[in-house]
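**Q** compute the structure for the input listed below.
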Amino acid sequence: MQQSTRTFTDRLFLVIKGLAMGAANKVPGVSGGVVAFVTGFYEEFIYSLQKINFKAFKLFINFRFKSFWRYINGRFLGLLILGMLISYFSISKILDYLIIHYELYVWAAFFGMIIGSIYYIVKDFNDWSKRNICLIIVGIVVGVSISLLAPAKENDNLWFVFICGIIGVSGMTLPGLSGSFILILLGNYVLLLVDSVNALYDTIADLIRWDFSFVENPQRTRLLKVLIVFSLGSLTGLVTLSHFLGYVLKHYKNATFAAIIGFITGSLGVVWPWKNKMYKVDTSGNIQIDALGNPILDNYDRYFPDFTIIETYIGIFYILIGIGIILWLEWYGQKTLKISQ
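**A** I've put the predicted structure just below:
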């Protein structure tokens, strides 16, 4: 974690990796932690987050900002977070558009990326003890079980939103466990990752135009309040989970990797490309909608692809592209490591 040795290219790629993590966290079924794992900075990410502790707090309140920045590996975290923030206002919006208009191909690409991620982790994993095999199986069962759960109703109670932040950020720190999909199960995906983010985007646009009329818009202020509480919950979750994961990585590294392999494999069911959305209906057979007029997702109806149509083969092509992206990232990571040595 030697910040001074990072070249401009390294810094640029850290921002790009942050973009990828932010985009992955936005897509239900995909984990930003997988991006960190495959691109080779997962452990540095966890150990850097661990440094946000009481010692860091003392350095900060004593105005020792340079020491604080070095202690928490600030340049590394700052560049990653910058990439994530850019992602939420750019790539995530592009993803929203692509999922609406080219849903099958987006899911296919992410399905391929997860297959590539499983290959990446398994090829270097050599501790196939009975304990670790059991952990892989448990991880797969948990991942598949999560994919079969039905979503709850939307709930904007601020305490619940805070808890959603803690849970939803799990995708950053636990590869294979999709924070976005967990938010769907909790009923708050649209509220927290679509409506509130769009409200912030619109508010920033209003501020640039010196338009402060949004303060009299109760729906906008409610969504901004929800976003602030969700962000605080996410920050709390990042720090607390990183301390736990830092401990288990240090003392039970192979067991942790085994569980991660299981989680990622189990998540394949969530991102299976060939599926239809099923929405909740009332007793009259009408689709239920939330407070903002969005249909309430119940679950997915997964089906086997039809090999008599061209769309299926295009989907398979995008799966191969997803696998190729991961293989390229692995190749780039090894090349960068050799150059640095």
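**Q** confidence score at Phe162?
**A** Looking at Phe162, its pLDDT reads 92.
**Q** apart from its chain neighbours, what residue comes closest to it?
**A** Leaving aside its sequence neighbours, Phe162 sits nearest to Gly233 (C-beta to C-beta, 6 or more residues apart in numbering; 4.0 Å). The C-beta positions use only the backbone N, C-alpha and C, and glycine is treated the same way.
**Q** list the buried residues of stretch 271-291.
**A** Of the residues in stretch 271-291, Val271, Trp272, Pro273, Trp274, Lys275, Lys280, Asp290 count as buried by neighbour count, 16 or more other C-beta atoms under 10 Å.
**Q** let me have those in CSV, extended by distance to Trp159.
**A** Shown next, in CSV, are the buried residues of stretch 271-291 (distance: C-beta to C-beta, whole Å):
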residue, distance to Trp159
Val271, 31
Trp272, 34
Pro273, 36
Trp274, 38
Lys275, 33
Lys280, 24
Asp290, 19
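**Q** pull the longest helix from the protein.
**A** Assignment by DSSP state H gives helix 218-251 as the longest helix of the chain.
**Q** check contacts around Asp124.
**A** Counting by C-beta atoms under 8 Å, 6 or more residues apart in numbering, Asp124 touches no other residue.
**Q** Ile325: what's it in contact with?
**A** Counting by C-beta under 8 Å, 6+ apart, Ile325 has contacts Ala109, Gly112, Met113, Gly116.
**Q** go with 6 Å
**A** Met113 (C-beta atoms under 6 Å, 6 or more residues apart in numbering).
**Q** same thing with Ile261?
**A** For Ile261, the contact set (C-beta under 6 Å, 6+ apart) comprises Ile121, Ile136.
**Q** Ala109 versus that one, what's the distance?
**A** Relative to Ala109, Ile261 is positioned 21 Å away (C-beta to C-beta, to the nearest Å).
**Q** now do the SS call for Leu85.
**A** What DSSP: H, G, I helix; E, B strand; the rest coil gives for Leu85 is helix.
**Q** state the helix or strand in which the closest residue to Leu80 other than its chain neighbours lies.
**A** Distances taken as C-beta to C-beta, 6+ apart place Gly18 nearest to Leu80, at 4.1 Å, with adjacent residues excluded. Per DSSP states H and E: Gly18 is located in helix 8-26.
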